[in-house]
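[1] Kindly return the folded structure for what I paste below:
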Amino acid sequence: MLTSVHVSKTENSSPRSLSDNGMMEDRHTAQAKRRKYFRRIFKYRQMDFDFAMWQMLYLLLSPQKVYRNFQYRKQTKDQWARDDPAFLVLLSIWLCGSSVGFGIVLSLGFVGTLKFLLWVVFVDCIGVGLLIATFFW
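    Model (predicted):
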């Protein structure tokens, strides 16, 4: 069962939430979360690549399992996303590998393959992802 969360501002203007037992818990701002996330990209030993591979595999085979996992995380930790960038790192590796493979098969040359790689990452993945996310907001 989900409970409501009261968010208030303290005298130092940092957002805090009041949990069921009356204890105050710190809430991080979006900027602090983003900084923490991008700092972890370079710490490979702390990334959970096994779980990220599990997510990638089950997004193809059985997406409802991944959704249930996110629902469970939301109920237990009160956050949708994981703060582990392993999925992003693996996705980048797969995009680079497949783009280089297409460049070789299509005989694009080095510059053509590099242009194709940049197109796939920035237009196909990030740009279209932002467009779809904005449209369905």
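[2] can you map out the helices along the protein?
    30-40, 49-61, 63-77, 86-105, 109-118, 128-135 (DSSP state H).
[3] Those: lowest mean pLDDT?
    Across these, helix 30-40 has the smallest mean pLDDT, namely a mean of 76.
[4] buried residues in that helix?
    residue 40 (16 or more other CB atoms under 10 Å). C-beta: built from backbone N, CA, C; applies to glycine.
[5] That one to helix 86-105, inter-axis angle?
    Counting by axes from the mean of the first three to the mean of the last three CA atoms, to 10 degrees, helix 30-40 lies at 60 degrees to helix 86-105.
[6] just checking, what packs against helix 30-40?
    Packing partners of helix 30-40 (3 or more CB pairs under 8 Å, 6 or more residues apart in numbering; DSSP states H and E): none among the helices and strands.
[7] Convert the C-alpha atoms of it to CSV, please.
    The C-alpha coordinates for helix 30-40 follow below in CSV (Å, rounded to 0.1, in the frame of the first residue of the first chain):
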residue,chain,number,x,y,z
ALA,A,30,17.5,16.8,-9.5
GLN,A,31,20.8,18.6,-9.9
ALA,A,32,22.4,16.6,-7.1
LYS,A,33,21.0,13.3,-8.4
ARG,A,34,22.3,14.1,-11.9
ARG,A,35,25.8,15.0,-10.6
LYS,A,36,25.9,11.8,-8.5
TYR,A,37,24.8,9.7,-11.5
PHE,A,38,27.3,11.1,-14.0
ARG,A,39,30.1,10.9,-11.4
ARG,A,40,29.4,7.1,-11.2
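[8] which one in the protein is furthest away from the centre?
    Ranking residues of the chain by C-alpha distance from their mean position (CA atoms, centre = their mean) puts residue 107 at the top, at 33.1 Å.
[9] Give me the distance between that residue and residue 116.
    The gap separating residue 107 from residue 116 is 12 Å, by CB to CB, to the nearest Å.
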